[in-house]
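using only what follows, build the 3D model:
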Amino acid sequence: MLPFLLAQESTYRFTPFRIVLLALVIGLCGLAVIPFLSIQLNPPPRSHGLQISYNLSGGSPEAVESGITAPLERMLASIEGLTDIQSRSSDNQGQIMLQFSDRYDIAKKRLEVSARIRQLYGQFPPGASFPVIHYQSEFQTEQRLLTFAVNSTLPATELHDFLSRNLLPDISAQQGIASVHIYGAPQHEVHLTLQPEKLQTLNIQPREVMQSIRTAISKRELGKTRISKPSAPTAMTYLIYAGEGMDRDPLSYIPDLPVKQQGSRTIFVRDLGHLSKNIAPPNQYYRINGLQSVNLSISAERQANLIKLAGQSLNIVRQFESENKDFIQVFESYNAAEFLERELTMITYRSIATLVILMLFIVILYRNWRQISIIFLSLIFTLSASFLCYYLSGLSLHLYSIAGLTLSLGIILDNILIMSDHIRKKGNKRIFLAIFAATITTIGALAAIFLMEKSQRENLVDFFLIFSINLTMSLLTALYLIPALSSLLSVGDQRRYIRRIPRRIRFFNTTYLSYSRFTSRHRWVIPVLFVLLFGLPFFMLPNKIEKETKWAERYNTVQENKFYADHIRPFMDEWLGGTFRLFYNHRDRFFFGSQRREETKLFLQAQMPPGGTISQLNEVMLRVESFLKSFPQIKQFQLNISNPKNARIEILFKEDYEKTGFPYQLKDELTSFAVSAGSADFRVWGVGDAFNNVLPGERVSTHIVLTGYNFDQIWALARSSKSYLEEHPRIKQVFINSDINYYIPEDYYYYMDFKAPAFLLKNNIHLGIMASHFESGRRDFGAVTQWPYEGRTVPVRVIQAVDQQDQMWSFLHRPARRDSNSFFRQKDVFTLEKEKGSSDIVRKNQAYQLVLEYDFIGNYRLGNKVMEESIEQIQANLPVGYQVKSQRNYWGGPDSKSSMAWIILMGMLFVWILGSILFNSIRQALIPVVMIPFSYIGIFLVTHFFEFQFGQGGLASFLLVGGLSVNAVFFIINDYNRVRLIQRHLPTPVAYLKAYNGKIIPILLTALSTVLGLLPFVIFDKSDPFWYSLAVCTIGGMVASVIVLVLLLPVFFKK
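The predicted structure is shown next:
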């Protein structure tokens, strides 16, 4: 026989030597790019949404909306590809959410958004921060990379400025750095304390004082002029006016600023109040291990290579420390790359162990150096070519992608074994079509990942891409490289494999042939047994159907029958439920949300009741920190308090205690501490069952949403609708919120109701005057500007000498100037009513939104009828362009179990379509589809007998087992069709046995290699919810698929 048929076939345009040489070049390129692959612990961001955040010190929601939000929305709404825009304006801050079409590169859209913001920023109100852009994704939020404690002989404020000028720019300039913050250094600011009596006597509003201060340092473009010089060409120069206060000491300059001219007298700032230098009131607390020190925190973007970025940042910090070692010491407090390196090293070692086990398995199996060399070289080339594809496509290696790589090894080896075994025995490549169909079917089954919910799909996209690339490379290897290597190594002489069949195999063939003939005669027996073993979901039938139909009445009559309920229904549920019932009973362990791989952490979050301050919350957290200092097992705990509603402590443990019971013990002790503290509401989570003593309050069951394009008008409609609804005897109270809230809101706002509108008209008191009166009653106006001085900016805060305790009473009862000769009291003009609700301003696609919420006392049908009647009444009074819609609470979310079933069904549909194309038969294509569910019996059983969280790893195992079980069926059916085509006279059981014998050994080897490859993850990764559930479920499914293949497949071949 010729060495091999490769050189004679027209399929190959290259000689075997050229093919091997090309494979060598590709493999070396793949190995060369391994150091340049992005390495992370969690998946990179995959979102097409952006979030823009900004602050306006002392700004009300109306000021934030009119000064920043609305102009930004108008500017951004014209960006191409924008599908949705939403905004929220709150006290002192606002945010805009943008959603783009998947067809656009989100990174480029972020640059475009940033450019438009820079164009508009100069028009923002004074005191507005520059908007910050973030991706909208669970994994796109920035992650803490490094934390340093900085000691110095410099005062804390000077140290903060020195670090900001000399260290932060170098760190921030690195690609992948999200933010760099310095905490713990007190900031000084200038306080201008105004005297309300003087303001009222001189008829001056606080805003006039603030405008004078801002004007002193403002920059205004005056125009441009043409300058001609004899030695230079004419040039255009822009003229800019800069206030005289630039780089002047604010304490000495601001008092002499003129505010207003009254006749011949000029009123200066010093006539209205006095200036002083003070420590800025804290708006945030950040401490490490409860110590008050200057801390440097570096955060990285989610898509960054953390190991590389941490190394670069450490080098910058160490160089900075060496250059300033005389007065600065820097201590590393936290390094996220350490845990990342440890975890990835562990995963890599286990993946290598998987590869070693598979190679030892091959060596023991074949014991032929030529065959082993072909398999080994083919496997190395496939992986190397895959690495090259990862690099070219920009994929990163992380927990989920490495899972795809590891699990693909079994199928890669399957394709290599099938092709090499076929060439060794048959001397041709005709098996490739079956390999191609089986591989594409597996990829197609896993492609159902894209039908998952976004939160589930985001983690598994890279898993699918890595898996698909590896299998695609294995197809190229099977088609080109294996035949080329077989030709060069002279493998393929089929005469050496013609030998006498051993007696035990002849006995098995005789027995299995008899079994096949039995299943042909009694075709219903085995399928019925497997259906009962899988289970019929009678246990999922409802006890009652809440519908008024004849069918529902008959169904309810049967269910209410005593004999049926006591004897028949329990039997059906228990004995006909099969393994599916056992699996379903553990649905409390189903969780398909995001599972981020992190080191063991414990979290404590606290919040003050409504009206609490950030200083009060800090006092509570100081007690918590003192409690945590008593545990030497804790490596580090970090406190971050951003507002009175959000204080968070993140606790890290020493490596020796991470995997012990101490984190659970500490969680229980923190829970006891939180229960006894009583001064704040606490949440504790991270390990074990979460604790939460935050009382959400009473629920509201009905929401009526009003939308329109004029906020004042939609607010007036909401107030009138509120009054109308509260007239109903079954509606106790109606709340006006900016967005849907399922509980009675905790926040309050004041509603002003005028007593005598005619009085305002008669005395020409318009809303502008009323707003000025409100403003004059404020105690703290916040930092009104940033004064440039000595190379830095100093905040200037304006406050009034008003007693905080009596601020509201003073505002309502003190005289307000009506004109030059008369005054009036605010309480005589209007009343202020304190109501629960939100004062935020929400816009969705540039339409304002308000929500009327209430709890209806009565049954659902009556409540729905009242709601529909109310909507009709409101609709009759709506102007053109305004809408009203409703929503009732059902207190249920999306059914993850039905979603999982839908995904599996879509995968099976894809298998059926490909099978129909391959076999040219709809009936034969149904065979692998029918056998897929029975392979899940193994997954059901391991879920029942093993305690683990059935998360995304378990869900991926469903798709993977479905694809792997299909492979074996495809190979046997393909061989069966080939045998019947060549030997038409053979009886069906004999033809099936011949096809079965030809492929069962590679099929068993594939299943065994998959099981062996996953064993390291079962043995060493019990604490990891993704790896362990993926490995143990796949092993159970593979074992069951082999049993199903042997016992059930003969049923589908008629005698």
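
what about the helices in the stretch 101-250 of the chain?
106-121, 156-166, 168-172, 196-201, 206-216, 250-253 (DSSP state H, counting those that start in this stretch).

give the buried residues for the last one.
I take that to be helix 250-253. Neighbour counts over helix 250-253 (16 or more other CB atoms under 10 Å) mark Pro250, Tyr253 as buried. Using the backbone N, CA and C atoms, a C-beta is placed for each residue, glycine as well.

name the helix or strand of the chain that has the lowest mean pLDDT.
strand 232-242 (a mean of 57; mean pLDDT, DSSP states H and E).

circling back to that earlier point, tell me which of the helices of the stretch 101-250 of the chain sits most buried.
helix 206-216 (a mean of 19; mean count of other CB atoms under 10 Å).

ok, back up a step: out of the helices of the stretch 101-250 of the chain, which gets nearest to Glu727?
helix 206-216 (41.2 Å; CB to CB).

which other helices and strands contact that closest one?
strand 188-194, strand 258-262, helix 767-776, strand 780-789, strand 792-800 (3 or more CB pairs under 8 Å, 6 or more residues apart in numbering; DSSP states H and E).

just the mean pLDDT for the third one, thanks.
Translated: helix 767-776. Averaging pLDDT along helix 767-776 yields 68.

cool, stretch 167-180 as well?
For stretch 167-180, the mean confidence score works out to 86.

again, but for stretch 1004-1019
The model assigns stretch 1004-1019 a mean pLDDT of 78.

same check on stretch 145-164?
The average pLDDT within stretch 145-164 is 84.

cool, stretch 753-764 as well?
For stretch 753-764, mean pLDDT is 74.

Lys425 is nearest to which of the helices of the stretch 101-250 of the chain?
helix 106-121 (51.8 Å).

hey, C-alpha coordinates of the closest one in CSV?
Extracted as CSV, the C-alpha positions of helix 106-121 are listed here (Å, rounded to 0.1, in the frame of the first residue of the first chain):
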residue,chain,number,x,y,z
ILE,A,106,-18.5,51.4,22.9
ALA,A,107,-15.0,52.6,23.4
LYS,A,108,-15.3,54.9,20.4
LYS,A,109,-18.7,56.1,21.6
ARG,A,110,-17.1,56.9,25.0
LEU,A,111,-14.5,59.1,23.3
GLU,A,112,-17.3,60.9,21.3
VAL,A,113,-19.3,61.5,24.5
SER,A,114,-16.2,62.8,26.2
ALA,A,115,-15.5,65.2,23.4
ARG,A,116,-19.0,66.6,23.5
ILE,A,117,-18.9,67.1,27.3
ARG,A,118,-15.6,69.1,26.9
GLN,A,119,-17.4,71.4,24.4
LEU,A,120,-20.2,72.1,26.9
TYR,A,121,-18.3,72.1,30.2
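
and it, what does it pack onto?
Using 3+ CB pairs under 8 Å, 6+ apart: helix 106-121 touches strand 49-55, helix 70-76, strand 93-100, strand 132-135.

how about the residue in this protein that sits furthest from its center?
Ser264 (64.8 Å; CA atoms, centre = their mean).

pLDDT wise, what is that one at?
Ser264 is given a pLDDT of 83.

report the separation between it and Asn764.
Distance from Ser264 to Asn764, counting by CB to CB, to the nearest Å: 28 Å.

and for Ser408?
Per CB to CB, Ser408 is found 80 Å from Asn764.

higher neighbour count, these two?
Between Ser408 and Asn764, Ser408 has the larger neighbour count (other CB atoms under 10 Å), namely 25 against 9.

same for the strand or helix carrying Gln638, what does it pack against?
Per DSSP states H and E, Gln638 falls inside strand 634-643. Other elements packing on strand 634-643 under the criterion 3+ CB pairs under 8 Å, 6+ apart are strand 285-288, strand 328-335, helix 614-628, strand 646-653.

mean pLDDT and mean neighbour count added to these, as CSV?
Converted to CSV, these look like this (pLDDT from 0 to 100; neighbours: other CB atoms under 10 Å):
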stretch, mean pLDDT, mean neighbour count
strand 285-288, 84, 20
strand 328-335, 85, 17
helix 614-628, 90, 16
strand 646-653, 90, 20
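
out of the ones you listed, nearest to Glu790?
strand 328-335 (20.6 Å).

returning to that earlier point: reformat the helices and strands packed on helix 106-121 as JSON lines; add distance to Ala847 and mean neighbour count.
Shown next, in JSON lines, are the helices and strands packed on helix 106-121 (distance: least, CB to CB, whole Å; neighbours: other CB atoms under 10 Å):
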{"stretch": "strand 49-55", "distance to Ala847": "19", "mean neighbour count": "19"}
{"stretch": "helix 70-76", "distance to Ala847": "11", "mean neighbour count": "17"}
{"stretch": "strand 93-100", "distance to Ala847": "14", "mean neighbour count": "21"}
{"stretch": "strand 132-135", "distance to Ala847": "23", "mean neighbour count": "17"}
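
mean pLDDT lowest for which of those?
strand 132-135 (a mean of 83).

strands paired with that strand, and their directions?
Strand 132-135 has its sheet partners listed here by DSSP bridges as strand 49-55 (antiparallel).

relative to strand 93-100, how tilted is the strand it pairs with?
Inter-element angle recorded for strand 49-55 and strand 93-100: 160 degrees (by axes from the mean of the first three to the mean of the last three CA atoms, to 10 degrees).

strand 49-55 vs helix 106-121, what angle?
30 degrees.

same for the next helix-or-strand element following strand 49-55, what does it pack against?
The helix or strand immediately downstream of strand 49-55 is helix 61-64, counting by DSSP H and E. Secondary-structure packing of helix 61-64 (3+ CB pairs under 8 Å, 6+ apart): strand 82-90, strand 841-844.

how about a cut-off of 10 Å?
Under the contact definition 3 or more CB pairs under 10 Å, 6 or more residues apart in numbering; DSSP states H and E, helix 61-64 sits against strand 82-90, strand 93-100, helix 711-726, strand 841-844.

which parts of the lengthiest helix in the chain are buried?
Longest helix in the chain by number of residues (criterion: DSSP state H): helix 988-1020. For helix 988-1020, burial by neighbour count (16+ other CB under 10 Å) applies to 988-1000, 1002-1003, 1005-1014, 1016-1018.

can I see the domain layout of this protein?
Listed by automatic domain parsing, the domain ranges of the chain are 6-32+368-494+513-529+898-1052, 49-135, 601-686.

would you agree Ile937 falls within a strand?
No: assessed by DSSP: H, G, I helix; E, B strand; the rest coil, Ile937 does not belong to a strand; its assignment is helix.

ok, it to Ile973 distance?
21 Å.

in the stretch 301-450 of the chain, which spans are strands?
Taking DSSP state E, counting those that start in this stretch, the strands of the stretch 301-450 of the chain run over residues 328-335, 396-397.

distance to Val132 added to those strands, as JSON lines?
Shown next, in JSON lines, are those (distance: least, CB to CB, whole Å):
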{"stretch": "strand 328-335", "distance to Val132": "23"}
{"stretch": "strand 396-397", "distance to Val132": "25"}
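
what's the closest of those strands to Gly81?
Of all those, strand 396-397 sits nearest to Gly81, with 25.0 Å by CB to CB.

pLDDT on the closest one, on average?
With pLDDT averaged residue by residue, strand 396-397 scores 78.

now for that strand, which elements pack on it?
For strand 396-397, the packing partners by 3+ CB pairs under 10 Å, 6+ apart come out as strand 38-39, helix 336-366, helix 369-393, helix 454-476.

now with 7 Å?
For strand 396-397, the elements it packs on are strand 38-39, judged by 3 or more CB pairs under 7 Å, 6 or more residues apart in numbering; DSSP states H and E.

can you list contacts of the strand it packs on?
By CB atoms under 7 Å, 6 or more residues apart in numbering, the residues outside strand 38-39 that reach it are Asn305, Ile307, Leu344, Ser396, Leu397.

now tabulate those residues in TSV and tack on distance to Arg980 and neighbour count.
Below are those laid out as TSV (distance: CB to CB, whole Å; neighbours: other CB atoms under 10 Å):
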residue	distance to Arg980	neighbour count
Asn305	55	21
Ile307	57	18
Leu344	51	20
Ser396	48	18
Leu397	46	23
